[in-house]
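Visitor: Structure, please.
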Amino acid sequence: MTMADRKVIELEQGWDFMKKGITKLKNLLEGVPEQQFNSEEYIMLYTTIYNMCTQKPPQDYSQQLYDRYRESFEEYINLMVLPALREKHDEFMLRELVKRWNNHKIMVRWLSRFFNYLDRYFIARRSLPALNEVGLVCFRDLVYQEMKHNVKDAVIALIDREREGEQIDRALLKNVLGIFVEIGMGAMDAYENDFEFFMLGDTAAYYSRKAALWIEEDSCPDYMLKAEECLKREKERVGHYLHASSEQKLLEKVQQELLSQYEQQLLDKEHSGCHALLRDDKVEDLSRMHRLFYRIPKGLDPVAAIFRKHVTDEGTALVKQAEDAASNKKAEKKDTVGMPEQAFVRKVIELHDKYLQYVGECFVNHTLFHKALKEAFEVFCNKGVAGSTSAELLATFCDNLLKKGGSEKLSDEAIEDTLEKVVKLLAYVSDKDLFAEFYRKKLARRLLFDKSANDDHERSILTKLKQQCGGQFTSKMEGMVTDLTLARENQTSFEEYLNENPQSHPGIDLTVTVLTTGFWPSYKSSDLALPVEMVKCVETFREFYQTKTKHRKLTWIYSLGTCHITGKFEAKPIELIVTTYQAAVLLLFNAPERLSYSDIKGQLNLTDEDIVRLLHSLSCAKHKILNKDPNTKTVGPNDFFEFNDKFTDKMRRIKIPLPPMDEKKKVIEDVDKDRRYAIDASIVRIMKSRKVLQHQQLVSECVEQLGRMFKPDFKVIKKRIEDLIAREYLERDKDNPNMFRYLA
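Guide: Okay, the predicted model is just below:
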């Protein structure tokens, strides 16, 4: 049948037929008994619309049908939907709304199928809203706009009831909130503006009331437990019925009311705040504190500040404890050198272990807490104890660990572990160069007097120090360890040389350790007039060494030597272990019986200070190898000495100690001298690259460059700048005395 043959359908006639279909659909939705649409009815309804839209104008009723499509919804909503909703309240109203919304969507789906031909051509050509959209807009404009306030209030009331522990119909809320989302037709405006905004306000008010009560009643751990539980419940609430986009905003509101508002009050609670938790080692509560305040912007800052203060206080208390112990020891005149200091370093290591574990476990290695720990340790690790700097204490502690017969009796693993921890502590000490110098002095003694317990440990700590402070820090120390290995090989070669040239043998067993000048600490080398017996030894070794190398000059450091000599006393011969200086004194008594102070000084060519120390050790100390006239406790320039052949001892071999020189002063002087050179070099380096620089900037760059090894004193930097100006490395600007220029 062609278009021309088809019978024209008038508007009202066609609409009457469509109305029957629409009424049947409404009855089905309202639950009135009706037969479901069969395919024939559906095709008839669709065809009617199709025919009415494809007739030639003026019988093309597309526009009228489009309008009547919308009117069908409006009529249904006004007659059936709104009256049903208006008569219900609260939860019943919500159920009705969900039912009506679902029905409405079914109605839109069916009607848009009947009127489908409009969608395909008429709407597309005129750029009108699609049928589906028209249906939803009707509901939005007529139902949603009227009901949204009541619905929002009912939903929020239910949420508050659930917060108070009541059971509610979560599925219902999910469906209702689904309407807020769907009504936005792709946008979230309706959900956010008509529901979420008010829900967040209500949440804030609810938790504000709760927090005000809890902060008064609960301890800090109890309050945090409640806060954590609330946050957990709100997160679950989002999963149950709120839209996912609300999660962040909701949690922020709860955090704001429960945590941000009361953070300082909570942390400062007298018997249960952050300080008390640290004091009582409440690890679990501290972890919870981190979890809660981590989410808040700058929330961890006050916690880290309390942590830093707590660690600083504990460390400072250890320093005071060690000071008191040291002064008590002095008062009792006990001869346990360095015991309180050793115990102090041990306790500092334990303190560091404890709080480093807190940083790792409670505060999940958060940088703020690493920084707080570092700052706290820097405070008390740079305080001295009983006149010793922390750099010296750490060096002495290492010495005790590494030397034979040290006070620390530990397994190899424990020593390794402790060394690792000492190196970590060194990071907090500002005078690292002072530590290096003390450590080098002590390392030298261990190596030269064969006091080192284990070569592996010596090398291991150098590796650790190298990683921590750089290669320059340990290069000399590594050179010292290598020197010793070479010296042993050298000694073996010397013994082979003597075997091959028996005529050169000095008649005394001689062990020589050859060291490289630059690696070792500087030692005082005096022009000791050696006894004849020893001169032969020195000559023999010099001849041997020249066979190996012609270009090296040997400087003998007698102050580090030891001798084993036999004293022939009346009772029995005794082997005496003495220093080279002491041996030189004793050998003078082989011929004459009695020598004066000035005789001894003249023959040995030593200073008064050295002579007094030597004679005191041999005539006034525990082992009186020489008799002194007059018999007093001090050595004077008019005293006379003779060999004490009545001396005896129950041992066959005894060591006669020489009172040690106070090396601390010399170490500090050496370090100060090295620092001057380092500052000079740094200033020249900076000025060479910058050419012109202001005083303040030069000082701050210099401090920054040298800060890894020591904290330079501003006065010293100023002095070094003046010195460099005098030596014509720099000059002052003529117009601005605060400006320096580099002189190439």
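
Visitor: Which of the helices or strands spans Glu575?
Guide: strand 573-579 (DSSP states H and E).

Visitor: what does that strand rub up against?
Guide: 559, 561-567, 586, 625, 647-649, 651-656, 658 (CB atoms under 8 Å, 6 or more residues apart in numbering). Placement of C-beta: from N, CA and C, glycine included.

Visitor: same question, stretch 62-82
Guide: 11, 15, 18, 22, 26, 30, 49, 52-53, 100, 104, 107-108, 111, 115, 118, 121-123, 128, 131, 134-135, 138-139, 142-143, 146.

Visitor: Then stretch 135-151?
Guide: 70, 73-74, 77-78, 81-82, 85, 89, 93-94, 97, 100-101, 104, 107-108, 111-112, 129, 176, 179, 182-183, 185, 190, 194-195.

Visitor: Of the contacts of stretch 62-82, which belong to helices?
Guide: Counting by DSSP state H, these place 11, 15, 18, 22, 26, 30, 49, 52-53, 100, 104, 107-108, 111, 131, 134-135, 138-139, 146 in helices.

Visitor: from the residues you listed, which would you call buried?
Guide: If you count burial by 16 or more other CB atoms under 10 Å, the buried members of these come out as 15, 18, 22, 26, 49, 52-53, 100, 104, 107-108, 111, 131, 134-135, 138-139.

Visitor: Please, where are all the helices along the stretch 551-700 of the chain?
Guide: Under the criterion DSSP state H, counting those that start in this stretch, the stretch 551-700 of the chain contains helices at 580-587, 597-604, 608-619, 663-690, 695-706.

Visitor: could you redo those helices as a markdown table and give each row mean neighbour count?
Guide: As requested, the helices of the stretch 551-700 of the chain are exported to a markdown table (neighbours: other CB atoms under 10 Å):
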| stretch | mean neighbour count |
| --- | --- |
| helix 580-587 | 22 |
| helix 597-604 | 16 |
| helix 608-619 | 19 |
| helix 663-690 | 16 |
| helix 695-706 | 16 |
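
Visitor: and the longest helix for the chain?
Guide: helix 300-332.

Visitor: roughly how far is that helix from the heart of the chain?
Guide: Helix 300-332 sits 21 Å away from the centroid of its parent chain (CA atoms, centre = their mean, to the nearest Å).

Visitor: Ok, stretch 690-708 next?
Guide: 28 Å.

Visitor: any idea which residue sits dead centre in the chain?
Guide: His370 (2.8 Å; CA atoms, centre = their mean).

Visitor: And that one, what's its pLDDT?
Guide: We note a pLDDT of 92 for His370 in this prediction.

Visitor: same thing with Tyr207?
Guide: pLDDT, Tyr207: 91.

Visitor: And for it, the neighbour number?
Guide: Counted with other CB atoms under 10 Å, residues neighbouring Tyr207 total 23.

Visitor: Now do the contacts for it.
Guide: Tyr207 neighbours (CB under 8 Å, 6+ apart): Cys230, Lys253, Val254, Glu257, Leu258.

Visitor: what's the closest of the helices of the stretch 551-700 of the chain to Ile415?
Guide: helix 663-690 (24.7 Å; CB to CB).

Visitor: Against which helices or strands is the closest one packed?
Guide: helix 432-448, helix 695-706, helix 714-726, strand 739-742 (3 or more CB pairs under 8 Å, 6 or more residues apart in numbering; DSSP states H and E).

Visitor: measure stretch 77-88 end to end?
Guide: For stretch 77-88, the first and last residues are 16 Å from each other (CA to CA, to the nearest Å).

Visitor: Against Cys220, how distant is the closest residue in space to Met224 that isn't next to it in sequence?
Guide: In space, and not counting its chain neighbours, Met224 is closest to Arg288: 5.0 Å by CB to CB, 6 or more residues apart in numbering. Noted for Arg288: a distance of 10 Å to Cys220, by CB to CB, to the nearest Å.

Visitor: hmm, who's touching the least confident helix or strand in the chain by mean pLDDT?
Guide: Within the chain, no helix or strand scores below helix 116-117, which has a mean of 71 by mean pLDDT, DSSP states H and E. Outside of helix 116-117, the residues within contact range by CB under 8 Å, 6+ apart are Tyr46, Ile49, Tyr50, Cys53, Thr54, Leu131.

Visitor: what's the neighbour count on the spatially closest residue to the first one that is not a sequence neighbour?
Guide: Nearest residue to Tyr46, sequence neighbours excluded (CB to CB, 6+ apart): Phe114, at 5.9 Å. One way to gauge burial is a neighbour count; for Phe114, by other CB under 10 Å, it gives 22.

Visitor: how much space between the spatially closest residue to Ser272 that is not a sequence neighbour and Gly273?
Guide: In space, and not counting its chain neighbours, Ser272 is closest to Ser219: 3.7 Å by CB to CB, 6+ apart. According to CB to CB, Ser219 stands 9 Å off from Gly273.

Visitor: neighbour-wise, which of those two wins?
Guide: Gly273 (20 against 16).
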